[in-house]
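>>> Task: produce atomic coordinates for the following.
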Amino acid sequence: MCTQCGSLSQCAAQHDACTDDPTGDCVLYYSGCANGCAAMDQACYDNCAAANPGGAALYKPWMLCLVCNACSNDCGAGLVGVHASDCP
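Have a look, this model is predicted:
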């Protein structure tokens, strides 16, 4: 799967910033909230980010790297909380 490969190569710095976060906020944002949102439910993602802004701030760059760069052909529709329309 592209996201796994991208997380270990082109997006490794963003992946590591999230998974190695000493506060655990990034993993909590994803596992504790955003992963439970329905696809394309932006209000749900926004609520998760409001409840855990530190985690969202670490998680979003990782997903942007995957969606916009490493896996743009595979993840063009987006990943949890990040969509191709978010790409710079």
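
>>> Return the distance of the residue nearest to T23 when sequence neighbours are not counted relative to C18.
Residue nearest to T23 in three dimensions, not counting chain neighbours: G54, with 6.5 Å by C-beta to C-beta, 6 or more residues apart in numbering. C-beta coordinates here come from the backbone N, C-alpha and C atoms, glycine included. Separation of G54 from C18 (C-beta to C-beta, to the nearest Å): 11 Å.

>>> Same question for T3.
For T3, the distance to C18 equals 13 Å [C-beta to C-beta].

>>> in the helix or strand hosting Y29, what counts as buried?
Applying DSSP states H and E as the criterion places Y29 in helix 25-32. Going by neighbour count (16 or more other C-beta atoms under 10 Å), the buried part of helix 25-32 is 25-30.

>>> Name the nearest residue to the spatially most central residue of the chain, ignoring sequence neighbours.
Centrality entry for the chain: nearest residue to the mean C-alpha point is M63, 3.5 Å, by C-alpha atoms, centre = their mean. If you skip the residues right next to it in sequence, M63 has V82 as its closest partner in space, 3.8 Å away by C-beta to C-beta, 6+ apart.
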